[in-house]
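**Q** dropping the sequence and predicted coords here.
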Amino acid sequence: MTTTRYALSAASPRWWSTGLVIATLTALTLFLLAPGAHAADDKLSTENQACLKCHDKPDFDKKLDDGRKLSLSISTQEYLASVHKAQDCTDCHSALDDKTHGKVETPMKSRRQLTKAMQESCRDCHKKKYKQYDDSIHAALIKEGSEKAPLCANCHNAHTQASVKLVTPISQTPCASCHDAIFKAYATDVHGLERVAKGKTAPSCADCHQAHDVQAASLGDGRKDACLSCHKNAIDEHKDWLPNTGLHFEAISCPACHAPGAQRRVNLRLYDSAAQAQLREKTGVPQFVRRALDGDAGNLGLDERALWSLLTQFNQDSGPSSKVVLRGRLEVRSGVEAHQLSDKAKAVKDCDTCHREGAEPFQSVVLSIAGADGRPLRHDVQKNVLSSLTAWESVRGFYAIGSTRIKLLDTLLILVVAGSIGGALTHMTIKRLFKGALERREAQAKAAAAFAAAGSQTEPAARDASSR
């Protein structure tokens, strides 16, 4: 009995010590985990807790009328990590009825229909951004009835939207879902590779095209200005080796030289020289396509005469206060090629690329106007139009005498220059040859003037003497 009591008493301190340690660790663990376990509940309103009680399930979905399934699953943790965590569900879903929600089946045609229906809820909080979006090319496409142009929810998941200041993987750029081919080109060009390697040091889509106020890429000089907003010293750096730098920047798009593998063309843009803006079609009164087709019945491209006639018609429409001209620009042929920019060491620097007879960039010519929504409308033009006298206004921005691309203009300009120099030399020669005769004539004229002056002074004195 004593032995047993001793054994128990001897074992008791060990058991108690071990148990105390385990209990302490367990209590500490529970204490540390408890705030995390209840943090979600502490940060969510009672209303949101009630919503997420059902919606925070991985397989919670709804069958749509078009046969597809719409996921209704919302992760509580992801929602708490989003910028909307302080919002109540009913701030956006104000049309839900507490009494019938989840109990009565609500028909829904498609995901697109739901996205459109929720669009107005974004406006309530994001008025400024919504106004920018409403003036964008995306909104214009929606108004035309497009079922593919993006709405707010196509780029932003309201339940998981993180701060835009966070650097996210390049693969999560929402533009890629619609502009797949362009995005793949961007991901492997100098900007995309720089962004992958160094995070946010290189531009992404929104840095050049804006996030909400997205305009047609070909409209005006917006893209060139976007390049210069980062490459502020570009013009000065080009002056070190590029003659007529200002003209090159005005008439040549950046990718034309910085995407060396791209195909190039001349784009003759209809331009209002009085308003200093690219000409745009009037809403509801489209003229460009009809007039271009009328002038190109054989579908061979507009010739010189048809182009001049079309230009005349647009000038008549614009009135006396405007003057529509052709403003040429050298550019790449597609949006994909515009996003295949290389390192500047590989950029085109050989003048002969353009300034030689039969140069590749001048084998393709198009005429363009901005549509009512900003998107370009184009029609092919016969390349020999660039060799005509009517082309001077449109090509002078990138024409260089002696380049042998436009022989007629070379000849005419050489004759003009030669005539101007010859006229000046002839005038100087004649003046030198007849210098002596001119000097004698001037001397005789001065003597005659002096004699006449002297005679006029003696005549009154003679009259006075005769009167005495």
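**A** That came in fine, so what should we check first? The model shown is predicted, which means the values in this text are computed figures rather than measured ones.

**Q** and stretch 248-261, which residues are buried?
**A** 248, 249, 251, 252, 253, 254, 255, 256, 257, 258, 259 (16 or more other CB atoms under 10 Å). Where C-beta positions appear, they are placed from N, C-alpha and C, glycine not excepted.

**Q** now the fifth one: how far from residue 145?
**A** Spelled out, it's residue 253. 31 Å (CB to CB, to the nearest Å).

**Q** outline the domain layout of the protein.
**A** 49-166, 257-400 (automatic domain parsing).

**Q** most tightly surrounded among these?
**A** Of all the domains of the chain, domain 257-400 has the most neighbours on average by mean count of other CB atoms under 10 Å, namely a mean of 17.

**Q** same question for it, mean pLDDT?
**A** In this model, domain 257-400 carries a mean pLDDT of 87.

**Q** next, format the domains of the chain as CSV and append distance to residue 224.
**A** Formatted as CSV, these follow (distance: least, CB to CB, whole Å):
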stretch, distance to residue 224
domain 49-166, 18
domain 257-400, 10
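
**Q** so which of those is nearest residue 209?
**A** Ranking the domains of the chain by distance to residue 209, with CB to CB as the measure, places domain 49-166 first at 9.5 Å.

**Q** could you tell me the end-to-end distance of that closest one?
**A** Terminal residues of domain 49-166 are spaced 27 Å apart (CA to CA, to the nearest Å).

**Q** and if you look at stretch 250-259?
**A** Start-to-end, stretch 250-259 (CA to CA) is 18 Å.

**Q** and that stretch, how far out from the chain's middle?
**A** Distance, stretch centre to chain centre, for stretch 250-259: 14 Å (CA atoms, centre = their mean, to the nearest Å).

**Q** give the rounded mean pLDDT of the helix or strand containing residue 429.
**A** Secondary structure assignment for residue 429, by DSSP states H and E: helix 407-433. Mean per-residue pLDDT for helix 407-433: 67.

**Q** SS state for residue 330?
**A** On the three-state scheme (DSSP: H, G, I helix; E, B strand; the rest coil), residue 330 is labelled strand.

**Q** can you name the residues bridging to it?
**A** Residue 330 forms beta bridges with residue 252, residue 266, as assigned by DSSP bridges.

**Q** where's it relative to residue 265, distance?
**A** 8 Å.

**Q** which residues do those two both contact?
**A** Common neighbours of residue 330 and residue 265 (criterion: CB atoms under 8 Å, 6 or more residues apart in numbering): residue 361.

**Q** can you map out the strands along the stretch 351-468 of the chain?
**A** With strands called from DSSP state E, counting those that start in this stretch, the stretch 351-468 of the chain shows them at 365-370, 376-381.

**Q** make CSV from those strands and add distance to residue 55 to it.
**A** Converted to CSV, the strands of the stretch 351-468 of the chain look like this (distance: least, CB to CB, whole Å):
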stretch, distance to residue 55
strand 365-370, 45
strand 376-381, 45
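
**Q** can you tell which of these is closest to residue 301?
**A** Nearest of the strands of the stretch 351-468 of the chain (CB to CB): strand 376-381, 4.1 Å.

**Q** chain center to the closest one: distance?
**A** On CA atoms, centre = their mean, the centre of strand 376-381 falls 19 Å from that of its chain.

**Q** could you check the angle strand 365-370 makes with that strand?
**A** Strand 376-381 runs at 160 degrees relative to strand 365-370, counting by axes from the mean of the first three to the mean of the last three CA atoms, to 10 degrees.

**Q** CA atoms only: put strand 376-381 into PDB for me.
**A** This file holds the C-alpha atoms of strand 376-381, laid out as PDB (Å, rounded to 0.1, in the frame of the first residue of the first chain):
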ATOM      1  CA  PRO A 376     -10.600  54.500 -88.000                       C
ATOM      2  CA  LEU A 377     -12.300  53.900 -91.300                       C
ATOM      3  CA  ARG A 378      -9.900  53.000 -94.100                       C
ATOM      4  CA  HIS A 379      -9.800  52.500 -97.800                       C
ATOM      5  CA  ASP A 380      -6.900  51.400-100.000                       C
ATOM      6  CA  VAL A 381      -5.200  54.000-102.200                       C
END
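
**Q** can you count the residues close to residue 183?
**A** Neighbourhood size, residue 183 [other CB atoms under 10 Å]: 20.

**Q** could you check which helix or strand contains it?
**A** Judged by DSSP H and E, residue 183 forms part of helix 180-187.

**Q** try residue 327
**A** strand 324-332.

**Q** show me what the helix or strand following that strand is packed up against.
**A** Next along the chain after strand 324-332, taking DSSP H and E as the criterion, comes helix 335-338. Here helix 335-338 is seen to pack against helix 180-187 when contacts are counted using 3 or more CB pairs under 8 Å, 6 or more residues apart in numbering; DSSP states H and E.

**Q** pop out the phi and psi values for residue 347.
**A** phi -60, psi 150 (degrees, to the nearest 10).
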